[in-house]
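Enquirer: Give me a 3D structure for the following:
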Amino acid sequence: MVQQDADKHSKAATRIEELRALLHRANRAYYVDAAPFMSDGEFDVLLTELSTLEQSHPELHDPHSPTMRVGGEASSGFESAPHRVPMSSIGNTYSLAEFETWYARALQLLGVSELTLFGDPKIDGVALSLRYEQGVLVQALTRGDGEKGDVVTANVRAIRAIPLRLDGTTRAIPAVLEVRGEVYMPTSVFNSINVEREREGDELFQNARNATSGTLKSKDPKVVADRRLAFSAHGRGECEGLTVASHAEFLRALRELGIPVSPLGSTFASQHEAALAIEKFAHARGGLEFGVDGMVVRVDSFALQEILGSTAKSPRWAIAYKYPAEQAKTILLDVVWQVGKGGTITPRATMQPVRVAGSTIQHATLHNIEEIQRRDLRIGDTVLVEKAGEVIPQVIAVVLEARTGREIPIEAPTHCPACQSEVEKDGPKIYCTNAACSAQFREKVKWFVGRDQMDVDGLGGEIIDRLIDAGLIASFADVFLFDAMRIARALTAARAAEGAEKRGEDAQERIDKAFAKLEKDGPGAQALGIIAAAEASKSRGLGRVLAGLGIRHIGASAAKTLARRFKDANELMRATEADLEALDDFGEVTASSVSHWLHSSAAQTIFAELANAGVDLTSKDTSAPAMLNSFFNGKTVVITGTLETISRSALTEQLEGLGAKVAGSVSKKTHIVIAGTEAGSKLDKAIELGVEVWDEARLQQALAASG
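Expert: I've put the predicted structure just below:
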């Protein structure tokens with residue numbers, strides 16, 4: 001009997017290894033070699049067999065099995081992690097003349113007469129960095145701010161196009177390999193998902209890129225697996241044990257290791273060849289299975305890339321040629337005036353839906369009333385719209401020859417569209433001055449829970465709207481007093497009502513059915529995740545609270561200044577206007593405005609409610625002790641313009657570590673203004689006030705002298 005069991009175990013182990021190897025090969029054949037040898041149905045049958053065997057033999061568990069792509073635990077949030085090699089973005093150009101200028105500059109810097117270039121499509125996806133150690137996928141990060149990104153490893157493991165293990169059949173596996181690329185949703189997949197969402201009465205995805213981003217940040221890896229995302233590698237980060245001399249060689253190595261790369265990449269012997277390819281590809285991109293908004297051209301040689309180096313923002317050895325924004329004609333149906341968190345009232349165009357650059361466009365920004373009058377926009381006009389940078393929809397022009405005479409001029413509102421208070425004008429801007437305006441509060445809550453403020457994961461704008469509409473948020477403190485079942489009921493009711501409207505069903509009947517299911521199943525992961533995130537955010541401290549409240553003149557920098565000076569909210573509320581004016585970066589106007597707010601009954605109520613909800617209102621300033629012998633200690637510094645040698649965030653951190661206060665505006669208290677290229681009004685103000693102005697060379701000398 002024992003021998004019989006051993007034989008069964010041995011056969012199961014053998015079959016499991018056979019299936020794992022076969023399914024890994026099938027994934028590579030489909031996603032890398034574009035030569036599938038089995039159908040999706042056959043793959044699913046074998047995957048089910050493997051899953052059954054693994055469940056029967058848990059002692060044979062392998063975290064890199066094909067079945068592990070879809071079996072991960074749901075994520076409750078995304079931590080961030082640093083990029084070991086910065087994931088900088090590539091500079092853009094929109095004309096062949098600018099492309100030629102970039103090429104000529106590279107020749108000049110290298111002292112050569114010709115360069116071999118490499119070009120490939122700029123896929124409109126989500127940038128991703130994959131880290132393999134000893135051939136095993138150990139981490140996946142989004143681009144984030146280039147210095148650090150969100151850890152999305154669990155979800156990336158569910159993407160079949162991305163290998164969990166590298167293939168060492170034809171090439172030695174490197175000790176460390178960081179691959180940069182784009183994860184994207186193929187057009188056919190995007191279309192089929194939207195067909196299904198429409199059938200179910202769900203809101204449609206506007207474009208494939210948004211669908212990809214939302215999928216990658218899903219709380220459930222099973223959703224990621226079902227959405228069939230694809231991946232295309234195009235760059236490298238940290239590498240150990242991979243010897244290649246050029247970008248073309250690097251991509252060949254990736255293909256051999258089983259990582260998907262675009263088959264459309266090519267080397268060019270000259271700038272002229274690359275320019276011809278750019279023009280040719282502009283006409284061919286419409287027939288591809290993925291969105292493309294340009295072509296990336298780079299110096300092929302890694303040695304020459306090293307010599308060219310990078311600016312603070314982007315590498316000098318690469319350029320992204322962006323194709324002109326796609327335009328379309330449509331009808332301006334209405335202008336809706338929206339109220340922001342600071343009371344600013346801005347116009348938003350509502351138009352007949354039109355397809356532009358892969359998205360359905362129905363709304364666009366109109367900036368302000370002066371811009372509307374300058375363009376002579378009228379309700380009923382035929383207008384030309386485009387997606388600026390293929391992201392933000394904008395009204396470009398009025399098609400005057402299409403006017404019929406029935407168009408209606410657009411007037412600026414005299415009262416707030418939300419609370420009906422009289423508005424105030426300040427140049428082209430219009431404000432609602434009612435501090436109790438419901439629309440302002442709605443936007444303030446969205447700002448308050450944002451990532452750079454209280455960072456309550458899971459509370460996006462749409463969720464906030466639904467919870468406010470359901471009466472669950474009437475104050476900032478309510479964010480920390482949620483009940484999971486009440487959240488779930490509010491969100492369920494909203495989704496059910498929307499679905500009923502789209503499908504022509506009775507809304508209440510659909511809501512009742514949804515509530516019955518909710519009572520049976522419980523509040524669910526979304527509601528519980530919001531509760532957990534709100535609880536975690538209570539400890540952010542006074543600085544983050546102040547940055548999130550939408551106090552006029554108080555941004556992140558000023559909030560940090562207040563949190564450093566005052567130990568808690570009680571001490572802050574006792575501060576006089578003179579106390580505030582003595583602070584760096586606080587002029588007379590700012591000090592007066594903030595003092596007025598701090599001593600208002602509204603501020604006292606907000607702080608009391610937050611404290612009662614368990615929010616920590618003490619200062620969390622953890623700045624390292626300043627270097628007392630540093631030249632910068634005690635100095636107020638303002639940075640303006642584009643810096644070539646260091647990023648603004650890195651410089652700010654370095655200066656603060658040396659004891660400086662980095663301010664956001666120039667005043668008579670400013671000691672130094674550091675001016676990069678394209679410096680604007682801050683430089684003008686510095687000259688007017690006689691403030692010392694430094695260029696980057698002077699800055700670097702001072703930093704070196706300060707240690």
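
Enquirer: for whichever strand or helix holds residue 197, packing partners?
Expert: Using DSSP states H and E, residue 197 maps to helix 187-199. Applying 3 or more Cβ pairs under 8 Å, 6 or more residues apart in numbering; DSSP states H and E, one finds that helix 187-199 contacts helix 208-216. From N, CA and C alone the C-beta is placed, and that goes for glycine too.

Enquirer: for the helix it packs on, packing partners?
Expert: Packed next to helix 208-216, using 3+ Cβ pairs under 8 Å, 6+ apart, are strand 126-133, helix 153-156, strand 176-184, helix 187-199, helix 221-226.

Enquirer: And the contacts of the shortest one?
Expert: Helix 153-156 is contacted from outside by 72-73, 75, 128, 130, 137-140, 162, 183, 215-218, 221, 224, using Cβ atoms under 8 Å, 6 or more residues apart in numbering.

Enquirer: what is the rounded mean pLDDT of that helix?
Expert: Mean per-residue pLDDT for helix 153-156: 91.

Enquirer: For it, what is the distance to the chain centroid?
Expert: Centre-to-centre, helix 153-156 and its host chain are 17 Å apart (Cα atoms, centre = their mean, to the nearest Å).

Enquirer: And for the first one?
Expert: Offset of strand 126-133 from its chain centre (Cα atoms, centre = their mean): 16 Å.

Enquirer: next helix or strand past it?
Expert: Next helix or strand after strand 126-133 toward the C-terminus (DSSP H and E): strand 136-142.

Enquirer: tell me the SS of the nearest residue to residue 612 once chain neighbours are set aside?
Expert: Distances taken as Cβ to Cβ, 6 or more residues apart in numbering put residue 477 closest to residue 612, at 6.9 Å, once the chain neighbours are dropped. On the three-state scheme (DSSP: H, G, I helix; E, B strand; the rest coil), residue 477 is labelled helix.

Enquirer: Hmm, residue 477 is touching residue 609, no?
Expert: Yes. Taking Cβ atoms under 8 Å as the definition, residue 477 is a contact partner of residue 609 at 3.7 Å.

Enquirer: Which one's more surrounded, the two?
Expert: Between residue 477 and residue 609, residue 477 has the larger neighbour count (other Cβ atoms under 10 Å), namely 19 against 16.

Enquirer: OK, contacts around the more buried one?
Expert: 606, 609, 610, 612, 613, 615.

Enquirer: Please tell me how far the fourth one sits from residue 475.
Expert: Using Cβ to Cβ, to the nearest Å, we find residue 612 at a distance of 11 Å from residue 475.

Enquirer: so what's the residue nearest to residue 612 scoring on pLDDT?
Expert: Residue 477 is given a pLDDT of 96.

Enquirer: So which residue is dead centre in this protein?
Expert: Among the residues of the chain, the one closest to the centroid is residue 144, at 6.4 Å (Cα atoms, centre = their mean).

Enquirer: Does it touch residue 78 like I think?
Expert: No. The criterion here is Cβ under 8 Å, and residue 144 misses it with residue 78 at 10.0 Å.

Enquirer: what residues are shared contacts of these two?
Expert: Common contacts of residue 144 and residue 78, defined by Cβ under 8 Å, 6+ apart, comprise residue 150.

Enquirer: Quick check: which element contains the residue lying closest to residue 469 once chain neighbours are set aside?
Expert: Nearest-residue entry for residue 469: residue 494, 7.4 Å, with adjacent residues in sequence omitted and distances by Cβ to Cβ, 6+ apart. In this structure, residue 494 sits in helix 484-503 according to DSSP H and E.

Enquirer: Need the contact partners of the next helix or strand after that helix.
Expert: Proceeding N to C from helix 484-503, the next assigned helix or strand is helix 507-521, under DSSP H and E. Residues from elsewhere that reach helix 507-521 (Cβ under 8 Å, 6+ apart): 485, 488, 489, 492, 493, 495, 496, 497, 499, 500, 501, 524.

Enquirer: Okay, buried residues for whichever helix or strand comes after helix 507-521 please.
Expert: Per DSSP H and E, the first helix or strand lying C-terminal to helix 507-521 is helix 524-537. When burial is assessed from 16 or more other Cβ atoms under 10 Å, helix 524-537 yields the following buried residues: 526, 527, 528, 529, 530, 531, 532, 533, 534, 537.

Enquirer: can you pull the contacts of the second one?
Expert: Right, residue 527. Listed by Cβ under 8 Å, 6+ apart, the contact set of residue 527 reads 484, 485, 487, 488, 491.

Enquirer: Write the ChimeraX selection for whichever of these are buried.
Expert: In ChimeraX syntax, the buried subset of the contacts of residue 527 is picked out as below (16+ other Cβ under 10 Å):
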select :484,487,488,491
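
Enquirer: Please identify the one among the contacts of residue 527 that lies nearest to residue 452.
Expert: residue 487 (23.6 Å; Cβ to Cβ).

Enquirer: what angle do the helix holding residue 197 and strand 176-184 make?
Expert: 50 degrees (axes from the mean of the first three to the mean of the last three Cα atoms, to 10 degrees).

Enquirer: what's in contact with helix 187-199?
Expert: 185, 203-205, 207-208, 211, 227-229, 288-291, 502.

Enquirer: Show me the two of the residues you listed that sit farthest apart.
Expert: The distance between the two most remote of these (Cβ to Cβ) is 31.0 Å, for 288 and 502.

Enquirer: what bridges to residue 382?
Expert: Beta-bridge partners of residue 382, counted by DSSP bridges, are residue 331.

Enquirer: Count the neighbours of it for me.
Expert: Quick note: residue 382 (other Cβ under 10 Å) scores 18 neighbours.

Enquirer: That one: what's it in contact with?
Expert: Residue 382 touches 329, 330, 331, 332, 398, 399, 402, 403, counting by Cβ under 8 Å, 6+ apart.

Enquirer: Could you check how far it is from residue 304?
Expert: Per Cβ to Cβ, residue 382 is found 51 Å from residue 304.
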